[in-house]
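Asks: Have a look at this prediction, sequence included:
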Protein chains: 2
Amino acid sequence: MASTTDIASLAALIGNPARAAMLLSLLGGQALTAGELAEVAGVTPQTASGHLEQLRAAGLIRAWAEGRRRRHALGSGEVAQLLEALHLAVPSLASTPPQALAAAPDPAPRRRAPLALREARSCYDHLAGRVGVALAEALAVEGDVGGALSARGEAALRRWGLDLDTLRAPVQGRRPRVFCRPCLDWSERRPHLAGALGAAILTRALETGWLRRTPGARALSVTPAGREGLRRVFGVD
Amino acid sequence: MASTTDIASLAALIGNPARAAMLLSLLGGQALTAGELAEVAGVTPQTASGHLEQLRAAGLIRAWAEGRRRRHALGSGEVAQLLEALHLAVPSLASTPPQALAAAPDPAPRRRAPLALREARSCYDHLAGRVGVALAEALAVEGDVGGALSARGEAALRRWGLDLDTLRAPVQGRRPRVFCRPCLDWSERRPHLAGALGAAILTRALETGWLRRTPGARALSVTPAGREGLRRVFGVD
DNA sequence: GCGACATTTCGGGCTTGACCGAAATGAGGA
DNA sequence: TCCTCATTTCGGTCAAGCCCGAAATGTCGC
């Protein structure tokens, strides 16, 4: 059982502006180097190094060597959920992009999210943006995103090649993962799909070439094949 | 306008052990006085007063006068979700690699939760503990707690008097609330039901006298009528 | 109004930890 | 091998904020 001190010290880690900026910048799902993280946090590399070690020790991030630099990513889906929850608990922040916060430590004017980010982007390990929301709504039983998949949605996913039974089955020895979880989208104000299913959808969409990562950005671009496929298989436009 | 610092300062608030203890003690859904909160936090009333004012200003708690004392409760469901998310992100509770477990420096004296709390308790606004978990599993489609309600579960809830259609319909002008959301139970390690449905179930169980609040504690006691009703209506023992 | 109790305000001591400059370590590339 | 670049370690400074004692404010019961 987690004691209150565990929880307090975890929160205290996120409570430092530099560390918070680093974590938020990792929420897009990409792995960044220590130098990049130092920059988004607005601190020197020495300082950043200290912060990263603390975050790593607490399990908030994972890190691995890559040549002479070191890449860092969020530690787990729980951490991503935690950051989302934190974001939703700030009254004034409900509709601001979490990652944009990291890049805008100044009192930024109320800007709309860039078009590309609103269209499609990755949210930790799943698909967000207009496309993510539309897909979620197409798959769910009327008005119940994150609840039951509709029969038609389930059939479409199977036709597309997802092995839903395997996804649903808990993996022996690992903590069971929520199959289908709603994640509130800050650009659309409507939920999209996270959880094991959400992650599998994003993976498959990248595999099949429906979506492509934009180098150096969180936005995903929908390929012509993707646009066509989304309409044909899922009725999403 | 909002910036990273909003998120960081929110986390920093929870990052103080005294404030964290206060917030967690409110997670049971009951409203406590400043004095009681000072005690659970292990600080003097002066100190507690300062903390409570900070928490209130940030929206983490609500407070109101009640005679010559002041009661405090969690500010919103988002705050409760945030605390749950924090709890789940603590490494000692999250999935830990086996080798790390072997190398664990301090095999913490794994204390079990008190019996009453394990049996039934409120978790912010919904039902947790053994009863909460059993009920969730009885209502859900096999192995999919937080996903679809089974036809039988849905029928049982309606028979019991819950108006599921109204619960599902978003209230005009208010942020839509997730209908049915899994909340991982720390005593059972299995999910129970939160969200609008979870809250409605707890409310109705208190109304019908199936459950009773234990004054001064988070535990709920199951009445004889409740035990009988749970078995008859939901097949839960 | 008076005394008891709950809470808040004020002021000062003290610890914690964020930060940077300087220097060390380690991996690539020529 | 030597040089460069990314990152880490060390040491010392400084500000933030936690905490309590004392005293003030406010409410209740009589």
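Replies: In hand now; what should we look at?

Asks: residues in chain A within reach of DNA strand C, list them.
Replies: Neighbours of DNA strand C within chain A, by Cβ under 7 Å from any atom of the strand: A:12, A:16-18, A:43-44, A:46-47, A:50-51, A:54, A:65, A:67-68. Backbone N, C-alpha and C define where each C-beta goes, glycine included.

Asks: Can you show me the helices along chain A?
Replies: A:4-14, A:17-25, A:34-41, A:45-57, A:77-89, A:98-103, A:115-119, A:129-139, A:151-160, A:164-168, A:195-207, A:224-234 (DSSP state H).

Asks: Can you add mean pLDDT, mean neighbour count and distance to residue B:204 and give those helices back as a markdown table?
Replies: Formatted as a markdown table, those follow (pLDDT from 0 to 100; neighbours: other Cβ atoms under 10 Å in any protein chain shown; distance: least, Cβ to Cβ, whole Å):
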| stretch | mean pLDDT | mean neighbour count | distance to residue B:204 |
| --- | --- | --- | --- |
| helix A:4-14 | 93 | 21 | 31 |
| helix A:17-25 | 95 | 26 | 40 |
| helix A:34-41 | 94 | 20 | 48 |
| helix A:45-57 | 96 | 16 | 43 |
| helix A:77-89 | 88 | 24 | 27 |
| helix A:98-103 | 48 | 22 | 36 |
| helix A:115-119 | 72 | 17 | 41 |
| helix A:129-139 | 87 | 23 | 30 |
| helix A:151-160 | 91 | 14 | 30 |
| helix A:164-168 | 84 | 13 | 30 |
| helix A:195-207 | 90 | 21 | 28 |
| helix A:224-234 | 93 | 14 | 37 |
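
Asks: Looking at the ones you listed, which is nearest to residue B:157?
Replies: helix A:151-160 (21.6 Å; Cβ to Cβ).

Asks: what's the closest of the helices of chain A to residue B:163?
Replies: Across those, residue B:163 has its closest neighbour in helix A:129-139 (24.2 Å, Cβ to Cβ).

Asks: Could you export the closest one as PDB, keeping only the C-alpha atoms?
Replies: This file holds the C-alpha atoms of helix A:129-139, laid out as PDB (Å, rounded to 0.1, in the frame of the first residue of the first chain):
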ATOM      1  CA  GLY A 129      -7.000  14.900 -32.300                       C
ATOM      2  CA  ARG A 130     -10.000  15.200 -34.600                       C
ATOM      3  CA  VAL A 131      -9.300  11.800 -36.100                       C
ATOM      4  CA  GLY A 132      -8.900  10.100 -32.800                       C
ATOM      5  CA  VAL A 133     -12.200  11.500 -31.500                       C
ATOM      6  CA  ALA A 134     -14.100  10.700 -34.700                       C
ATOM      7  CA  LEU A 135     -12.800   7.100 -34.700                       C
ATOM      8  CA  ALA A 136     -13.700   6.700 -31.000                       C
ATOM      9  CA  GLU A 137     -17.200   7.900 -31.700                       C
ATOM     10  CA  ALA A 138     -17.600   5.600 -34.700                       C
ATOM     11  CA  LEU A 139     -16.600   2.600 -32.700                       C
END
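
Asks: Show me what that helix packs onto, helices and strands only.
Replies: When contacts are defined as 3 or more Cβ pairs under 8 Å, 6 or more residues apart in numbering or on different chains; DSSP states H and E, helix A:129-139 sits against helix A:115-119, strand A:121-123, helix A:151-160, strand A:191-194, helix A:224-234.

Asks: can I get those in TSV with distance to residue B:181?
Replies: Shown next, in TSV, are the helices and strands packed on helix A:129-139 (distance: least, Cβ to Cβ, whole Å):
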stretch	distance to residue B:181
helix A:115-119	26
strand A:121-123	18
helix A:151-160	19
strand A:191-194	11
helix A:224-234	24
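
Asks: Can you say which of the ones you listed is nearest to residue A:78?
Replies: Across those, closest to residue A:78 is strand A:191-194 (Cβ to Cβ), at 11.7 Å.

Asks: pLDDT on that closest one, on average?
Replies: Strand A:191-194 shows a mean pLDDT of 81.

Asks: buried sites along that strand?
Replies: The neighbour-count check on strand A:191-194 (16 or more other Cβ atoms under 10 Å in any protein chain shown) flags A:191-194 as buried.

Asks: Name every strand pairing with it and say which way it goes.
Replies: Applying DSSP bridges, strand A:191-194 is found paired with strand A:181-184 (antiparallel).

Asks: so for the partner strand, what's the average pLDDT?
Replies: 70.

Asks: Domain boundaries for chain A, per the record?
Replies: Domains of chain A are assigned by automatic domain parsing as A:4-82, A:114-234.

Asks: Including distance to residue A:89, could these go into a markdown table?
Replies: Shown next, in a markdown table, are the domains of chain A (distance: least, Cβ to Cβ, whole Å):
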| stretch | distance to residue A:89 |
| --- | --- |
| domain A:4-82 | 11 |
| domain A:114-234 | 12 |
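
Asks: Looking at the ones you listed, which is nearest to DNA strand D?
Replies: domain A:4-82 (2.7 Å; Cβ to the nearest atom of the strand).

Asks: quick one: that closest one near chain B?
Replies: Yes: counting by Cβ under 8 Å from any Cβ of the partner chain, chain B has neighbours in domain A:4-82: A:4-17, A:19-21, A:24, A:58-60, A:76, A:78-79, A:81-82.

Asks: give the contact list for residue A:19.
Replies: With contact taken as Cβ atoms under 8 Å, 6 or more residues apart in numbering or on different chains, residue A:19 is in contact with A:13, A:41, A:51, A:54-55, B:8.
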